[in-house]
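A.B. asks: turn this into a model:
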Amino acid sequence: MKAPILIFGARGQVGRELMALAAARKIAAVGLSRSEASIADNYTVRSAIDTQRPAVVVNAAGYTAVDRAERDAEAATAANVTGPAILAAACADAGVPLIHLSSAYVFDGLKKTAYVETDRVNPLGVHGRTKAEGEAKIREATKRHVILRSSWIYGVYGRNFLRTTLRLAGERDELKMVADQFGCPTASVDLAEAILVVVRKLADKPNTSGTFHFAGNGRTTWLGFAEEIVRRQVLFTGRTPKVTAISTAEYPSAAKRPANCELDSSKFATAFGYRARPWQERVAETVAQLSARARIAEAKSEAKSSDTTPVEEKPAELKESDGKPPDSKTAETAS
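C.D. replies: Numbering: from 1, shown residues only. You can find the predicted model right below:
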């Protein structure tokens, strides 16, 4: 493709992953943050599309704070319904396909097996309802769309369950995790790869369209997800907090969540020839990346602290009145 991919929501966890992957593959991509172009603003959306003349538009923006959405339905509606509707209409007028990210929360979670694309949506809360309405607006506005529903997204960027669990594992001796909700942990790098796979398909077959499920390979609970994260972080921190199972009823929250967020991704695999890696493998990689990043940040902080600490030209000497050697902190400063 000579024209770039235009990514709205480029500062979110999937948007950042997508921009990084596109750069690594030398794929032309233009990323816009919410402050640069809100998808709920018709003028800025159309101006961006007119200026960039993209081959494909990707909507990685959205309101993802599930509990907060219950208190701020207006903001959730603007991001998840109004924004996608504006994007879809602008893409239709420009003759550009739209790739849109949606959520397993459009379902009620009562199904005992994995959800497929033809299952009826029946969201439980504001987040799921607005995501379902956003999907409908896109289907009404443009035929050239690919909607990707995903589940339990995590990665090295942004706020997500894995990063929160790592932080808590470093602070607490016991973590209480819900054991009666199921889903497919999806690495943002796998989702970004899936988006690029769709982009390549659209370049060859411009009329490709529809709703697809794409989620991590494998099913687990929040408890199982946390246990794997804790198991992997031990290698880097030595911390071994206990992970204790609790029920949904024991974890009160503003939003009611689906008990089952497992998505069947076989339709996507058949259409695009790509599947996510096993979620345990991606968790291991992500924990290792974040741990390495933390070590680098710590080393830089120590180096900066050392650079700004006054150092005596001669080794510090004991005062006659002091009968003990310098403590470790004093010795480091003087060395």
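
A.B. asks: what strand or helix carries residue 31?
C.D. replies: For residue 31, the element it lies in under DSSP states H and E is strand 29-32.

A.B. asks: mean confidence for that strand?
C.D. replies: Mean pLDDT, computed over strand 29-32, is 96.

A.B. asks: got the contact list for residue 232?
C.D. replies: With contacts defined as CB atoms under 8 Å, 6 or more residues apart in numbering, the neighbours of residue 232 are 283, 284, 287, 288. Heads up, the C-betas are built off the backbone N, CA and C, glycines and all.

A.B. asks: of those residues, closest to residue 113?
C.D. replies: Sorting the contacts of residue 232 by how near they are to residue 113, with CB to CB, puts residue 283 at the top with 23.6 Å.

A.B. asks: how about that closest one, secondary structure?
C.D. replies: Assigned state for residue 283: helix (three-state reduction, DSSP: H, G, I helix; E, B strand; the rest coil).

A.B. asks: would you mind measuring from the nearest residue to it once chain neighbours are set aside to residue 293?
C.D. replies: Setting aside the residues directly before and after it, residue 283 is nearest to residue 228 in space (CB to CB, 6 or more residues apart in numbering), at 5.1 Å. Relative to residue 293, residue 228 is positioned 19 Å away (criterion: CB to CB, to the nearest Å).

A.B. asks: when these two are compared, which one has more neighbours?
C.D. replies: In terms of neighbours (other CB atoms under 10 Å), residue 228 is the more surrounded of residue 228 and residue 293; the figures are 20 against 11.

A.B. asks: show me what whichever strand or helix holds residue 46 is packed up against.
C.D. replies: The secondary structure element spanning residue 46 is helix 42-52 (assigned by DSSP H and E). Contact analysis of helix 42-52 by 3 or more CB pairs under 8 Å, 6 or more residues apart in numbering; DSSP states H and E lists strand 5-8, helix 83-94 as its packing neighbours.

A.B. asks: hmm, 6 Å instead?
C.D. replies: When contacts are defined as 3 or more CB pairs under 6 Å, 6 or more residues apart in numbering; DSSP states H and E, helix 42-52 packs onto helix 83-94.

A.B. asks: list the buried residues of the helix it packs on.
C.D. replies: Within helix 83-94, the residues scored as buried using 16 or more other CB atoms under 10 Å are 83, 84, 85, 86, 87, 88, 89, 90, 91, 92, 94.

A.B. asks: tell me which helix or strand comes right after the helix holding residue 46.
C.D. replies: strand 56-59.

A.B. asks: partner strands of that next one and their direction?
C.D. replies: The sheet places strand 56-59 alongside strand 5-8 (parallel), strand 98-103 (parallel), with pairing taken from DSSP bridges.

A.B. asks: please enumerate residues in contact with that strand?
C.D. replies: Under the criterion CB atoms under 6 Å, 6 or more residues apart in numbering, residues 5-8, 87, 91, 96-100, 195, 199, 202 lie in contact with strand 56-59.

A.B. asks: avg pLDDT for that strand?
C.D. replies: 98.

A.B. asks: next, the buried residues of that strand.
C.D. replies: Along strand 56-59, these residues count as buried under the neighbour rule (16+ other CB under 10 Å): 56, 57, 58, 59.

A.B. asks: put together a markdown table for the residues you listed, with distance to residue 220 on each row.
C.D. replies: Conversion of the buried residues of strand 56-59 to a markdown table gives the following (distance: CB to CB, whole Å):
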| residue | distance to residue 220 |
| --- | --- |
| 56 | 32 |
| 57 | 33 |
| 58 | 28 |
| 59 | 28 |
